[in-house]
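Engineer: Need the 3D shape of this:
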Amino acid sequence: MDIASLSFRTFAHATEDDERVEQALRFASGADDVERSRSEGYHGNPITVMEAKITRSREIRDFFASLDTNDVRKLLDTLELRVDEESMFFLRLDKQEAYQGRIVLGRGDDVISVRGKVKSYPQSRENAINAMRDFLSNELERRSRKG
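Structural biologist: Take a look at the predicted model:
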């Protein structure tokens, strides 16, 4: 497994139902535990920050398996933009879709941010990109073998 962990983070704004946002986060991450903290928006509006983390290889594989094939291809095609110098891999999920029981890459601000720690040796951005390329390519190959 080339990914050590996946961290999920989202916000529940004052206009949103915290329980629904947590439900979306739990669905997207598959995590049992969700940590909450309080924050404040620019205009003083209350915001609940929700975070979850998964570290087991099986959970991480299951997360990527839950993505649509086109979304896996999109991640592969945009890989250079998704890995930083610290070997972190980034993607965003549509929070509303997650609440509806679907895992879909998201755009805009109403998202669940996902950050993955890529294992590579020696640690470098290039090695992390190669590790993620192999991981995502293997996921696509596994799907094509399944039929």
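
Engineer: most centrally placed residue in this protein?
Structural biologist: Val114 (2.9 Å; Cα atoms, centre = their mean).

Engineer: any chance you could read off phi and psi for it?
Structural biologist: Backbone geometry at Val114, expressed as degrees, to the nearest 10, gives phi -120, psi 130.

Engineer: ok, now how distant is the closest residue to Ile103 other than its chain neighbours from Glu59?
Structural biologist: Distances taken as Cβ to Cβ, 6 or more residues apart in numbering place Ser66 nearest to Ile103, at 4.6 Å, with adjacent residues excluded. C-beta: built from backbone N, CA, C; applies to glycine. Noted for Ser66: a distance of 11 Å to Glu59, by Cβ to Cβ, to the nearest Å.

Engineer: With Asp32 instead?
Structural biologist: 10 Å.

Engineer: Quick check: which ranges of the protein have low pLDDT?
Structural biologist: Under the criterion pLDDT under 70, the flagged ranges of the chain are 1, 147.

Engineer: contacting residues around the longest helix along the chain?
Structural biologist: The longest helix of the chain (DSSP state H) is helix 125-146. Contact with helix 125-146 is made by 2-3, 64-65, 69, 72-73, 75-76, 79-80, 82-85, 87-89, 118-121, as judged by Cβ atoms under 8 Å, 6 or more residues apart in numbering.

Engineer: repeat that for 10 Å
Structural biologist: 1-3, 60-61, 64-65, 67, 69, 72-77, 79-80, 82-89, 116-121, 124 (Cβ atoms under 10 Å, 6 or more residues apart in numbering).

Engineer: Kindly report the same for stretch 77-88.
Structural biologist: If you take Cβ under 10 Å, 6+ apart as the criterion, stretch 77-88 is touched by 4, 7, 75-76, 89-91, 105, 115-120, 123-133, 136.

Engineer: Check whether Val49 really touches Arg36, as I assumed.
Structural biologist: Yes: Val49 lies in contact with Arg36 (Cβ atoms under 10 Å); the separation is 7.0 Å.
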